[in-house]
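> Fold the following and give me the result.
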Amino acid sequence: MSDLPFTILFFAHFKELAGAPQVEIHLPPNATVADLKARLASIIPALVNALPTAVVAINQEFGFDEDLIPAGAEIALFPPVSGGSGALIQAQVTTEPLDLNQLTAQHVDAETGAVCLFVGVVRGETHRGAAHTTASLEYEAYTAMAEAKLRQIGAEIQSRWPQVLQIALVQRIGILEPGAPSVAVICTAAHRDEGVFEAARYGIDRLKEIAPIWKKEIGPNGETWVDGDYHPQPGD
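Purely as a prediction, here's the structure:
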């Protein structure tokens with residue numbers, strides 16, 4: 001049987017290493033993720049050093065070295081990322097500015113007595129670790145998968161904090177200047193002691209682990225993609 005064609009999508013600095021946002025390759029039937037990496041290493045030498053830490057997604061789910069790649073699968077490669085009770089969940093990646101008042105109002109109803117809102121804001125000066133100045137951040141996402149993972153995170157919150165009534169996880173992408181909100185996590189409940197603080201903290205921490213969203217630091221000394229250090233596990 002002849003080799004099968006696949007389109008490989010690249011994100012963040014993998015796109016730059018590959019020299020294109022996607023490539024077409026052929027793999028034998030019953031090829032694994034490990035086979036995919038080996039083929040990419042042979043045809044795109046610039047990826048060789050990055051492949052050991054690459055995250056692979058197959059049809060918008062994390063793939064591992066031993067996993068078989070089905071015919072016609074959508075495949076993506078990217079660095080580690082920097083989606084119960086009947087709760088309503090909003091999971092969104094957007095290019096539009098985040099209107100925090102409007103977003104909060106959308107998740108307040110007659111039952112709401114407590115709202116916990118976490119907002120991530122583009123920081124212009126960083127002093128933790130290597131001190132540096134940021135002129136802007138460029139956020140990029142594998143949007144379809146990112147929104148699926150945001151919905152998954154919402155479901156995880158539902159399971160852990162069943163008294164949470166509504167959940168929103170919204171990430172803005174594009175070029176953002178210091179002071180601009182980049183991400184918002186909202187959790188509401190009837191009372192403040194029903195998990196809203198813990199749920200919102202869990203939401204942003206989990207988003208940073210498994211949602212395929214990256215940022216590029218743009219500053220006076222150049223541009224750098226910022227990779228995370230969490231590698232997805234089976235079940236993520």
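
> and the longest helix for this protein?
helix 143-160 (DSSP state H).

> Output the helix or strand just after that one as CSV, nothing but the C-alphas.
Following helix 143-160 in sequence order, the next helix or strand is strand 166-172 (DSSP states H and E). What follows is strand 166-172 as a C-alpha-only set of coordinates in CSV (Å, rounded to 0.1, in the frame of the first residue of the first chain):
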residue,chain,number,x,y,z
GLN,A,166,-21.2,30.0,35.2
ILE,A,167,-17.6,29.8,33.7
ALA,A,168,-15.9,31.9,31.1
LEU,A,169,-12.4,31.4,29.7
VAL,A,170,-11.6,34.0,27.0
GLN,A,171,-8.2,34.5,25.4
ARG,A,172,-7.3,37.4,23.1
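
> Against which helices or strands is strand 166-172 packed?
Strand 166-172 makes packing contacts with strand 88-94, strand 136-141, helix 143-160, strand 181-189, helix 196-210 when contacts are defined by 3 or more CB pairs under 8 Å, 6 or more residues apart in numbering; DSSP states H and E. All C-beta spots, glycine's among them, are computed from the backbone N, C-alpha and C.

> OK, contacts around residue 116?
Residue 116 makes contact with 186, 187, 188, 196, 197, 199, 200, according to CB atoms under 8 Å, 6 or more residues apart in numbering.

> Considering the residues you listed, which possesses the most neighbours?
Neighbour tally across these (other CB atoms under 10 Å): the maximum, 30 neighbours, falls on residue 187.

> My guess is that residue contacts residue 203. True?
Yes. Contact criterion CB atoms under 8 Å: residue 187 and residue 203 qualify, at 6.8 Å.

> quick one: common contacting residues for the two?
Common neighbours of residue 187 and residue 203, counting by CB under 8 Å, 6+ apart, are 157, 167.

> Now do stretch 173-185: distance from first to last residue.
15 Å (CA to CA, to the nearest Å).

> thinking again about what came up before, next, the buried residues of the longest helix of the chain.
143, 145-158 (16 or more other CB atoms under 10 Å).

> And the furthest pair within those?
Across these, the longest distance by CB to CB is 22.8 Å; it joins 143 and 158.

> so how far is residue 16 from residue 209?
Distance, residue 209 to residue 16, by CB to CB, to the nearest Å: 23 Å.

> To clarify, my last question referred to residue 163.
For residue 163 relative to residue 16 (CB to CB), the value is 45 Å.

> Thank you, goodbye.
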